[in-house]
Structures are given as structure tokens and as C-alpha cells.
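S.K.: take a look and give me a structure for this.
(one chain, ligands or ions: 1)
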Amino acid sequence: MKTELRTDITVGDICKGFYYNTLEGKGVNGWGGKLVIQPEYQRNYIYENGKDDVAVVDSLLKRYPIGLIYFLKVGEKYEVLDGQQRITSFGRFVTGHLDILDANGMPRKFDPSLHGWLLKTPLTIYICEGEGDDPEAEIKDWFRTINIAGKPLNEQELLNAAYSGPFVTAAKQVFSNSANSNMQKWKRFVAGDEKRQAVLAEALKWVSKGCVRDYLKDHRYNSDITGLMLYFESVIAWIDGVFKDVKDEMCGLEWGRLYEAYHAHPYDPDKVWERVEALYADADNEIVTNRRNIFEYVLGGEIHPELLKIRMFKPEVRRKVYAKQTAAAKAKGVSNCPLCAVGHAANATRIYGFKEMDADHVTAWSKGGDTSEVNCQMLCVTHNRAKGNR
Ligand SMILES: [Zn+2]
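M.R.: Down below sits the predicted model:
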């Protein structure tokens, strides 16, 4: 990683060729065309509120420093890594797109005779340039070191920065675009905010089988995203084909992995949904305690009940044992958790509420213990977790 601190670049230099896209609300270019002010991985300009943007210009007019700005050098061009909001604000002012308030509270436009000196104000800019094959590691390192104002970039935003190019640009048009008519359909199964790259992250994870970096590295300079799109659409179409309806818990499952594991298997959608509904009923009855895994359990032919975190004792059994155990404990003046009762800690006499206890198999389920009342004892949550044989 090469870094260079520049203090000779002025507001005027950056504003040369500054172009503000009013429609999209973003500063596009500056510094005579060398600078991309809002690279694809950056958030939209959010200072356009007559307050934050005016404050930036006010600071400059009062000769206050506006802080460090970071550029990333990519080939012959530069991208703004941090400072986009500030640059766009003073750029809009200098090009007549932002009014400030004068001493009398009247809006004023940039006036060369009054504000011309502003253009000569030097900025403090760090320029960094990735070296080697792993620009991502370098940039990430760097992001951790510097104190970037506002929200830190998330994993996918960092990847977009590290592998910026025609592929990421084209992919974002589809997967990070809230106006895409498919977005609502996709978000039934993909969790998170598409504007913060959650859908793109998932699409990349699916198509690359988890090797997102390699995939981005291989496709970086290619603007054709057909492979990415087709794979994503196949997964969504497969889910829609196998499951007749949608449950909230289907959002955010590892569909890429499930697709790979099960898409070659034939399913009868009616039967599949019947089983899903039955297991949801078991979940309502607190027997199945992991609803999210119901889908994988059914897809896998119902051979891994551990996925469902089954609570083996029925609620009525648990309540009955609880009542019996608690009455006996109270009569003896000991805790209703038998393991607490034999201890010496403060809990030795504690009476737990029903919700503070879990059912435990006296003889473990794995050793053939059944789910009848005689094999059930209620333990406090801590002791039950310690036994861990639910
Ligand atoms: Zn206990």
C-alpha cells in the first residue's frame, strides 16, 4: 500500500469540472475529470438538506479545517473513499447549486468577487494506492486504521471498493437497486438492506459457493453479469417451485447451500407444504423449537431431527411435573431444581418459576429414554443447559 499526503490540492482544483447530478443527487466528477466523487460502492449524497451541506461551506468560509479527505488511486483515476459528502457540498456551492445564508439570513449564491478566495483553500488529502494481488486486505487494514466519519462500510461495501470495476457496477444496477421490480420478490428469501449490498452479497455467495473474493477477482473487468443473474434466478425459482407458500422464517436462510444440496431431488410441492404446516403446528405447540430449520429438515427427507431442536416433553407433561416437583420442594424447604437443591449455593432453596426451568430426560433421549412423565424432571435453565441432553 502506497500512501501520499497532499496539502497542495485546493478547493478550486477539486471543483474543476465538478459535475453534480441533480436528478440522482450525486456529485459525479471533479478535479478536471480525474476524480470520481461518488464511486459505485459509496452511499448516496445525504448532506443535501440545507443544514449539513451549508455547514461544510460555512466552515470553509470561516477558514475552519474540514478534516482529512481520502482518495483511492485506481489506474489513472481517483475515487473518493472518505470526503464525498464534504466535496459534494462545496462543489455544489461553487457551481451555484447550493445557497448559503448571509449575515441577514438571506440566501446567497457563490459570488466570485466575494468568495473567490475560497477556491485557493488547500485541502488535506491522503491518497492511497493498493499494491500487489490483494488490494482488499490492504484497503480493509487501512479502513480499520483511519477513523472514517459516519457509518463504517460493511463487508460487501468493502469488497465492492476493493474489486471496483465494470462487474461490480453492472451487478449493483441489478442487485442493489431498490427500483428493480424483482426486489420485493427476492427479499422474501434474502434478508437485509439491498442499498447496503445485502442482496448482492447473497447473490455472489450463491454463485461462487462462498468464494466471493475469487469470483470478484476473476470477473472484475467484465461487465457481463449473466452468470450471476441466471444462478440467482434459478435458486429463487427453485424455492418457489418446491415451496407453495412463503413463511417469514424463509427469509435469510442459506438458500444457496440448500439449492446445491437438494435441487436435483424431485419433490411433491403439496406433500412438502403439508409437512411444513404440520411442523409449524408442532412449533406452535412448543415441540419444535427451531422453526427456521424446518425447511432444511423437510428437504433432507426428515432424517435429522436435531435440526428442529425438539423439546420432547409435551407442555402438559412439563407443567404436571413442575407442579409436583415444586410442591414437594416447598414442603422440604429446598429448591425445586433437584440439582440446585443438593448444592450449597444461594440457589439451594430457590423456587424457580415454570419459565425459568426446562424439561430434562432422566434417562437421556439418545439412550432410549422416553417422553413420559416418569422420565421427566424439571431443571433450572442453567443446570439443564449443563446436562445438555435435550
Ligand atoms: Zn439448578
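S.K.: give me the below-cutoff pLDDT ranges for the stretch 151-300 of the chain.
M.R.: For the stretch 151-300 of the chain, applying pLDDT under 70 flags the ranges 151-152.
S.K.: and residue 380, what does it touch?
M.R.: Each residue near residue 380 by CB atoms under 8 Å, 6 or more residues apart in numbering is listed here: 335, 337, 339, 340, 347, 350, 352, 356, 357. (Each C-beta comes from the backbone N, C-alpha and C, glycine too.)
S.K.: so among those, where is pLDDT lowest?
M.R.: By pLDDT, residue 347 ranks lowest within the contacts of residue 380, coming in at 91.
S.K.: would you confirm that that one contacts residue 337?
M.R.: Yes. Assessed by CB atoms under 8 Å, residue 347 is found in contact with residue 337 at 7.3 Å.
S.K.: counting neighbours, go ahead and name the busier of the two.
M.R.: residue 337 (28 against 17; other CB atoms under 10 Å).
S.K.: distance of that one relative to residue 348?
M.R.: Going from residue 337 to residue 348 by CB to CB, to the nearest Å gives 9 Å.
S.K.: who touches stretch 117-128?
M.R.: 1-12, 14-15, 60-61, 63, 65-73, 78, 81, 83, 90, 94, 139, 142, 146.
S.K.: the ion contacts on the stretch 201-350 of the chain?
M.R.: 337, 339, 340 (CB under 5 Å from the ion).
S.K.: give me the helices and strands touching the helix or strand hosting the last one, please.
M.R.: Meaning residue 340. According to DSSP states H and E, residue 340 maps onto helix 338-341. Counting contacts by 3 or more CB pairs under 8 Å, 6 or more residues apart in numbering; DSSP states H and E, helix 338-341 packs against helix 315-332, strand 376-380.
S.K.: one more time with 6 Å
M.R.: If you count contacts as 3 or more CB pairs under 6 Å, 6 or more residues apart in numbering; DSSP states H and E, helix 338-341 packs onto no helix or strand.
S.K.: tell me how far that helix lies from the chain's centre.
M.R.: 43 Å (CA atoms, centre = their mean, to the nearest Å).
S.K.: where does residue 126 sit: helix, strand or coil?
M.R.: Under DSSP: H, G, I helix; E, B strand; the rest coil, the three-state class of residue 126 is strand.
S.K.: name the nearest residue to it, ignoring sequence neighbours.
M.R.: Once flanking residues are discounted, residue 126 sits nearest to residue 70: 5.0 Å by CB to CB, 6 or more residues apart in numbering.
S.K.: what residues does the strand or helix carrying that neighbour touch?
M.R.: Per DSSP H and E: residue 70 is located in strand 69-74. Here strand 69-74 makes contact (CB atoms under 6 Å, 6 or more residues apart in numbering) with 78, 79, 81, 82, 83, 123, 125, 126, 127, 128, 129.
S.K.: tell me the average confidence for it?
M.R.: 86.
S.K.: parallel or antiparallel, list what pairs with that strand.
M.R.: Strand 69-74 sits in its sheet next to strand 77-82 (antiparallel), strand 125-129 (parallel), going by DSSP bridges.
S.K.: return the distance of the shortest one from the chain's centre.
M.R.: By that I understand strand 125-129. With CA atoms, centre = their mean, you get 28 Å for strand 125-129.
S.K.: what's the answer for the longest one, then?
M.R.: Mean C-alpha position of strand 77-82 versus that of the full chain (CA atoms, centre = their mean) differs by 24 Å.
S.K.: and the next helix or strand after that strand, what does it pack onto?
M.R.: For strand 77-82, the following helix or strand on the C-terminal side (DSSP H and E) is helix 84-94. Applying 3+ CB pairs under 6 Å, 6+ apart, one finds that helix 84-94 makes contact with helix 11-15, helix 52-61.
S.K.: what's the next secondary structure element after helix 84-94?
M.R.: Going down the chain from helix 84-94, the next helix or strand is strand 100-101, by DSSP H and E.
S.K.: show me what the following helix or strand past that following strand is packed up against.
M.R.: On the C-terminal side of strand 100-101, the nearest following helix or strand under DSSP H and E is strand 107-108. On a contact count with 3+ CB pairs under 6 Å, 6+ apart, strand 107-108 meets no helix or strand.
S.K.: now do strand 107-108: everything it contacts.
M.R.: With CB under 6 Å, 6+ apart, strand 107-108 has contacts from 99, 100, 102.
S.K.: list the buried residues for the following helix or strand past that strand?
M.R.: Sequence order places helix 112-115 as the next helix or strand after strand 107-108, per DSSP H and E. Residues of helix 112-115 classed as buried by neighbour count (16 or more other CB atoms under 10 Å): residue 115.
S.K.: mind saving the C-alpha coords of helix 112-115 as CSV?
M.R.: C-alpha atoms of helix 112-115 as CSV (Å, rounded to 0.1, in the frame of the first residue of the first chain):
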residue,chain,number,x,y,z
PRO,A,112,-16.6,35.1,-7.3
SER,A,113,-15.9,38.7,-6.1
LEU,A,114,-16.9,37.7,-2.5
HIS,A,115,-16.0,34.1,-2.3
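S.K.: give me the buried subset of the contacts of stretch 117-128.
M.R.: Buried members of the contacts of stretch 117-128, counted by 16+ other CB under 10 Å: 9, 11, 14-15, 60-61, 66, 68-73, 78, 81, 83, 90, 94, 139, 142.
S.K.: still on that earlier bit, ok, and the most crowded of the contacts of residue 380?
M.R.: residue 337 (28 neighbours).
S.K.: now it: closest residue in space that isn't a chain neighbour?
M.R.: What sits nearest to residue 337 in space, not counting adjacent residues and going by CB to CB, 6+ apart, is residue 380, at 3.9 Å.
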